[in-house]
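Novice: my questions are about this predicted structure, shown below with the sequence.
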Amino acid sequence: MADLFDRETVLNYHLGGKVGMRLLKGLKTQNDLCLAYTPGVAHAVREIAANPASVFQYTAKRSLVAVVSDGTAILGLGDLGAAASIPVMEGKGVLFKAFGDVDAWPVPLAHCRQGGADTGKTDPARVIDAVAAIAPMYGGINLEDIASPACFEIEDKLDAMLDIPVFHDDQWGTAVISVAGVMNYARLCGRKLADLRVVMNGAGAAGIRIADMCKAAGVKDLTMCDRKGVIHTGRKDLNEHKRRHAVETSARTLSEALRGAHVFIGVSAANCLTADDIRNMADYPAIFAMANPDPEIRPELVAETFANKPYVMVTGRSDFPNQINNVLGFPYIFRGALDVQARTVNTQMKVAAAQALAELALKPVPEEVQAIYPREKLEFGNGYIIPKPFDRRLFVNVSYAVAKAAIESGAAPACDLATLHDSLEQRNATRG
């Protein structure tokens, strides 16, 4: 497996890029040329000018997403700049199309640092202005690999400004999938979400939004830790996002906070959790160790610690069961939002996506999906609480749940949901 990812193989794969353009209409005759461009195109131009909403009918806008980054937080690589972010943005476009049948295009942004420089911290105003300027072409904006805390302001302000969905996947994608896993852990251990004691380590973009999502889904008792320890109400060094999650507690360290906890969620650093830490958790614990490439605690150590005892282990890696993989979320969240012309991706839509993911894991897995994972038993239980990315049912189940929640919450105009569901089924049957 390691040979597959050697430098030369990867670079050869990326030669020429990973995305391009396909034509939706033919161009073979003089009439085709006149329809596609001048003089015929003038009718579409005038129609949109007279009726701005018709832009969704007469352009690709309704099915096109901009994948936007300034390159300040590229995967686990850090700040390497806008140009270096392009392979990731192209990769995101591939995943959008392959899984959600969404046309997505990389939009790397240079000169969006403080002072207009190519290096340094993100200037939120410059990113906001740039995205707002290009927004007329797109039906949605996927923000990607933008460093915290600038990413919070950028998403919030763009979401308020624009009439199309704005979704920062590094914040919300991990959160949606994680909460789906927490929902199914609660099912397995026979506890309600409101009764769970959750401890988090990591208070960056992903950590903050996982906490927000957990609470939106029904978790009441959540303690968050950062590099300085427990985020408690007595601390004076908290930004506004951490302050929202500060709690009154005598615990000051991660180890102290974990005593008696049901769930650990880590989006932090490798090997920061010990066997004693998890041994002091409640019976039948869940350990979501999602740091990449090395988790907060190795799955082998967890298995050794809980020999012959029930537990749930979750990582961000594809070589272990129960992987938190954002590809389970963003293609279908946008698919559902685009199909009903949602104006935003609100909390109800995100919770609906998590619920749909959780419920799909309860169902028998198709043979073709099981065949892709011959070493795993894909049957709901401790080793399978989250669906696999290649389960084609995600396209219908999650997309429809998001679309339905958008309509019911007022984020999108009313439409015939039965017809929408049928169209998703038909597309799923015919897509590649």
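Specialist: Arrived safely, thanks for sending. Numbers count the residues shown, from 1 in each chain.

Novice: and the residue sitting nearest the centre point of the chain, what helix or strand is that in?
Specialist: Residue closest to the mean C-alpha point of the chain, counted by C-alpha atoms, centre = their mean, is Gly173 at 1.7 Å. Element membership for Gly173, per DSSP states H and E: helix 169-189.

Novice: buried ones in that helix, by neighbour count?
Specialist: Neighbour-count burial for helix 169-189 flags 169-187, 189 (criterion: 16 or more other C-beta atoms under 10 Å). All C-beta atoms are positioned from the backbone trio N, CA, C, and that covers glycine.

Novice: now the strands: where do they sit in the protein?
Specialist: 64-69, 103-108, 140-143, 166-168, 197-201, 221-226, 229-230, 263-266, 286-289, 312-315 (DSSP state E).

Novice: give the partner strands of the second one in its sheet and their orientations.
Specialist: According to DSSP bridges, strand 103-108 has the following sheet partners: strand 64-69 (parallel).

Novice: and the average pLDDT for the partner strand is what?
Specialist: Regarding strand 64-69, the rounded mean pLDDT is 98.

Novice: can you check stretch 347-366 too?
Specialist: The average pLDDT for stretch 347-366 rounds to 98.

Novice: in JSON lines, list the strands of the chain along with mean neighbour count.
Specialist: Shown next, in JSON lines, are those (neighbours: other C-beta atoms under 10 Å):
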{"stretch": "strand 64-69", "mean neighbour count": "25"}
{"stretch": "strand 103-108", "mean neighbour count": "22"}
{"stretch": "strand 140-143", "mean neighbour count": "26"}
{"stretch": "strand 166-168", "mean neighbour count": "25"}
{"stretch": "strand 197-201", "mean neighbour count": "25"}
{"stretch": "strand 221-226", "mean neighbour count": "21"}
{"stretch": "strand 229-230", "mean neighbour count": "18"}
{"stretch": "strand 263-266", "mean neighbour count": "28"}
{"stretch": "strand 286-289", "mean neighbour count": "28"}
{"stretch": "strand 312-315", "mean neighbour count": "26"}
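
Novice: save the ones you listed as JSON lines, and put in distance to Gly17 too.
Specialist: Formatted as JSON lines, the strands of the chain follow (distance: least, C-beta to C-beta, whole Å):
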{"stretch": "strand 64-69", "distance to Gly17": "13"}
{"stretch": "strand 103-108", "distance to Gly17": "9"}
{"stretch": "strand 140-143", "distance to Gly17": "18"}
{"stretch": "strand 166-168", "distance to Gly17": "24"}
{"stretch": "strand 197-201", "distance to Gly17": "37"}
{"stretch": "strand 221-226", "distance to Gly17": "38"}
{"stretch": "strand 229-230", "distance to Gly17": "45"}
{"stretch": "strand 263-266", "distance to Gly17": "34"}
{"stretch": "strand 286-289", "distance to Gly17": "34"}
{"stretch": "strand 312-315", "distance to Gly17": "30"}
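
Novice: for the closest residue in space to Asp79 that isn't next to it in sequence, give me its contacts.
Specialist: Computed as C-beta to C-beta, 6 or more residues apart in numbering, the closest residue to Asp79 that is not its neighbour in sequence is Thr72, at 4.7 Å. Residues near Thr72 by C-beta atoms under 8 Å, 6 or more residues apart in numbering: 79, 113, 121-122, 145-147, 150.

Novice: could you rerun that using 6 Å?
Specialist: 79, 122, 146-147 (C-beta atoms under 6 Å, 6 or more residues apart in numbering).

Novice: what's the answer for Val166, then?
Specialist: The contact partners of Val166, by C-beta under 6 Å, 6+ apart, come to 141, 155, 158-159.

Novice: phi, psi of Pro149?
Specialist: When read as degrees, to the nearest 10, the backbone of Pro149 gives phi -90, psi 0.

Novice: alpha carbons only: can I get stretch 117-137 in CSV?
Specialist: Output of stretch 117-137 as CSV, limited to C-alpha atoms (Å, rounded to 0.1, in the frame of the first residue of the first chain):
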residue,chain,number,x,y,z
ALA,A,117,1.1,40.4,0.7
ASP,A,118,1.6,36.8,-0.5
THR,A,119,2.6,35.6,3.0
GLY,A,120,1.4,36.3,6.5
LYS,A,121,-1.9,36.1,8.2
THR,A,122,-5.2,36.0,6.3
ASP,A,123,-6.9,39.4,5.8
PRO,A,124,-10.6,38.4,6.1
ALA,A,125,-11.8,41.5,4.3
ARG,A,126,-9.8,40.7,1.2
VAL,A,127,-11.1,37.1,1.1
ILE,A,128,-14.6,38.3,1.6
ASP,A,129,-14.3,40.9,-1.1
ALA,A,130,-12.8,38.5,-3.6
VAL,A,131,-15.4,35.8,-3.0
ALA,A,132,-18.3,38.3,-3.2
ALA,A,133,-16.9,39.5,-6.5
ILE,A,134,-16.9,36.0,-8.1
ALA,A,135,-20.1,34.8,-6.5
PRO,A,136,-22.4,35.6,-9.4
MET,A,137,-21.1,32.6,-11.4
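
Novice: got the domain boundaries for the protein?
Specialist: What the record gives for the chain is the domain set 33-164, 172-315, 326-430, from automatic domain parsing.

Novice: where does this protein dip in pLDDT?
Specialist: 1-4 (pLDDT under 70).

Novice: 80 instead, please
Specialist: Where the chain drops to pLDDT under 80, the residues are 1-5, 76, 432.

Novice: contacts for stretch 107-116, please.
Specialist: 66, 68-70, 82, 85-86, 120-121, 123, 126-127, 130.

Novice: so can I have a markdown table of those showing distance to Ser409?
Specialist: Formatted as a markdown table, the contacts of stretch 107-116 follow (distance: C-beta to C-beta, whole Å):
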| residue | distance to Ser409 |
| --- | --- |
| Ala66 | 24 |
| Val68 | 25 |
| Ser69 | 28 |
| Asp70 | 31 |
| Ala82 | 35 |
| Ser85 | 32 |
| Ile86 | 35 |
| Gly120 | 39 |
| Lys121 | 35 |
| Asp123 | 33 |
| Arg126 | 32 |
| Val127 | 27 |
| Ala130 | 29 |
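
Novice: can you tell me which two in those residues are farthest apart?
Specialist: Spatial extent of the contacts of stretch 107-116 (C-beta to C-beta) is set by the pair Ala66 and Gly120 at 23.5 Å.
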